[in-house]
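[1] Following is a predicted model, sequence given first.
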Amino acid sequence: MHIRILGSAAGGGVPQWNCNCANCRRARHTRSFLTQSSAAVSADGKQWLLLNASPDLLYQFASFPPLSPAAPKLRGSSVAAIVLTDGEMDHVLGLLSLREQKKLRLICTRAVKRLLTNEFPLLPTLGKYCRVRCDTFPVQIAGVSISKLELPTEKAPPYSAPANRRGVVIGLRLESIRSKRVCAYLPGLPAITKDLSERVRGSDCLIVDGTFWSEDEMISSGLSSRTARKMGHVPIGGSRGSLEWLRTLDVPRKIYTHINNSNPILRKTSRERRLVEQQGIAISHDGMDIRL
Ligand SMILES: [Zn+2]
């Protein structure tokens, strides 16, 4: 199984267009940009699953030739389906940029489908341009068995009504039917549960939410009044952070993704980055290839 990190940043990317924080300034200066969270997965190197549709998708496709049609085809796509983990803007806006394809296959929970049909009617709009087939989990596509990892959450997209939040954010368990290799993909981790730990144990690779380093990162930097958990992300550091959780998990490859531009792990020489790397955990970047 081949996993390609197309975009490793959280919403806004790095640099975020309207941000002048130290990380964004450095990214502009060094021209080292990170696009918004997305990945592609393939069991056979020919057909691909797109994990979330980032607003930066056009650039991400252009940067990874296997996602473009191969000669002698004039038009077409190697993307067999788009799989959504939630209905957040950084994960769904790119769907509109796929409207030139006659047929799209989308996999998401019923809750996310409801959000994108009623509260933010992206799917009915997209349906005016192309045919959209929408399925839910579990499903087998392109030699990959895809199931959801249920996550309890108090956070839903700001456009949604504060009603039932079950299924609004999930993780993905992707298993190659042929090689039996398993990757768990969780760009949003609102809570760590016993059930989740049991379901990801035995995976060959875990790609997980690295949005924030600390609970009060956005508050102390003056960017927001909300804590990391209130924004739906368990922070990496701290006594109940994801780094401590990852330490207990018997998974050979662990990788942080969906990294916010405020996060100190983006700085190559930061103490926080060192603490992550000392645990044998990788920090993803755009264009990272993982082969299982
Ligand atoms: Zn910034």
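    Thanks, I have it. Numbers count the residues shown, from 1 in each chain.

[2] Now do the helices in the chain.
    All helices of the chain, identified by DSSP state H, fall at 22-30, 57-62, 89-92, 110-114, 122-126, 194-200, 217-220, 242-247, 271-278.

[3] wait, doesn't Pro187 sit right on Thr85?
    Yes: with contact defined as CB atoms under 8 Å, Pro187 and Thr85 form a contacting pair (6.0 Å). Bear in mind the C-beta positions are built from the backbone N, C-alpha and C, glycine included.

[4] ok, the two, which is more surrounded?
    Using other CB atoms under 10 Å, the more surrounded residue of Pro187 and Thr85 is Pro187, with 31 against 26.

[5] if we can go back for a sec, what is in contact with Pro187 and Thr85 at once?
    Residues touching both Pro187 and Thr85 by CB atoms under 8 Å, 6 or more residues apart in numbering: Leu51, Asn52, His91.

[6] I'd like the distance between Arg2 and Gly76.
    Careful, residue 2 is His and not Arg. Going from His2 to Gly76 by CB to CB, to the nearest Å gives 20 Å.

[7] cool, Glu100 as well?
    Glu100 is 11 Å from Gly76, where distance means CB to CB.

[8] got it, and Ser239?
    Ser239 is 51 Å from Gly76, by CB to CB.

[9] Neighbour count: the two, which is higher?
    Higher neighbour count among Ser239 and Gly76: Gly76, with 11 against 5, using other CB under 10 Å.

[10] correct me, but Pro15 touches Thr30?
    No: checked against CB under 8 Å, the pair Pro15 and Thr30 is beyond contact range at 10.3 Å.

[11] Compare the two (neighbour count), which wins?
    Taking neighbours as other CB under 10 Å, Pro15 and Thr30 compare with Pro15 leading, 21 against 8.

[12] Could I get the contacting residues of that one?
    Counting by CB under 8 Å, 6+ apart, Pro15 has contacts Asn23, Cys24, Arg25, Ala27, Arg28, Phe33, Asn261.

[13] Out of the helices and strands in this protein, which is least certain?
    Within the chain, no helix or strand scores below helix 217-220, which has a mean of 88 by mean pLDDT, DSSP states H and E.

[14] Pull it out as PDB, backbone CA atoms only.
    Below are the C-alpha coordinates for helix 217-220, written out as PDB (Å, rounded to 0.1, in the frame of the first residue of the first chain):
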ATOM      1  CA  GLU A 217      -1.800  27.500  21.900                       C
ATOM      2  CA  MET A 218      -4.300  29.700  20.100                       C
ATOM      3  CA  ILE A 219      -5.200  31.600  23.200                       C
ATOM      4  CA  SER A 220      -1.600  32.400  24.300                       C
END
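
[15] close to the ion, is it?
    No: using CB under 5 Å from the ion, helix 217-220 never reaches the ion; the gap is at least 10.7 Å.

[16] May I see the buried residues of that helix?
    Glu217, Met218 (16 or more other CB atoms under 10 Å).

[17] For it, which outside residues touch it?
    Phe212, Ser214, Ser224, Ser225, Arg226, Thr227, Ala228, Met231, Pro235, Asn260, Ser262, Asn263.
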